[in-house]
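what shape does this take:
(one chain, ligands or ions: 1)
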Amino acid sequence: MRTIILTIAFISSLAPVFGQTGTAKLKISHLTGDFYVYTTYNTYEASQVPANGMYLVTHNGVVLFDTPWDTTQFQPLLDSIRSKHDKTVVLCFATHWHSDKTAGLEYYRQQGIKTYTTVLTDELSKKNQKKRAEFLMAGDTVFTAGQYSLKPITPGKVIPRTIS
Ligand SMILES: [Zn+2]
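Residues are numbered from 1 along each chain as shown. Now for the predicted structure:
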């Protein structure tokens, strides 16, 4: 009689996020194609609230949409992207003026990342004493990043329609 010995692989239950220990301060998940979502947390009205940002992996580096809200996660996000994709972040767009989107703009600028907001976002950031981007973009600017072309869609006017 033959004895068959089965080796049961031990599957590590470690979360698939690089640089993460204990309570996750930074979570990264795959969205679709070359797009990933990252989440950081901050305290808002006495509770921990998540804020999502996104990034796009291109042949010529990573494009970041928004910055971490948690100021301790600016560099961990860059490190995680580097170890996960072997790429550096080259561009960063902040989509509105709140801290959950703009907190890291100055830090990323210091790291040599080209940071952008719209003129309107910049005006509001300035008015509300938030971090500001190095560059301003107009609505018709097209950005090229590796194999991708990015065209920002900036807020337009809402024209009320009369229903008769
Ligand atoms: Zn916000």
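
got the residues of the protein near the ion?
By Cβ under 5 Å from the ion, the residues of the chain that approach the ion are 98, 100. From N, CA and C alone the C-beta is placed, and that goes for glycine too.

any low-confidence regions in the chain?
Confidence mapping of the chain against pLDDT under 70 gives the ranges 1-23, 155-164.

let's go with 90 and repeat that
Residues of the chain that meet the criterion pLDDT under 90 lie in 1-24, 43-45, 137-142, 151-164.

and Tyr108, what element?
For Tyr108, the enclosing helix or strand under DSSP states H and E is helix 105-110.

buried residues in that helix?
Neighbour counts using 16 or more other Cβ atoms under 10 Å place 105-109 of helix 105-110 among the buried residues.

show me what that helix is packed against.
Other helices and strands packing on helix 105-110, by 3 or more Cβ pairs under 8 Å, 6 or more residues apart in numbering; DSSP states H and E, are helix 74-85, strand 89-93, strand 114-118.

buried sites along the longest one?
By neighbour count with 16+ other Cβ under 10 Å, helix 74-85 contains the buried residues 74, 76-78, 80-81, 84-85.

following element in sequence after the lengthiest strand in the chain, please.
For the chain, the strand that runs over the most residues, judged by DSSP state E, is strand 47-58. Tracing the chain C-terminally past strand 47-58 and defining elements by DSSP H and E, one meets strand 61-65 next.
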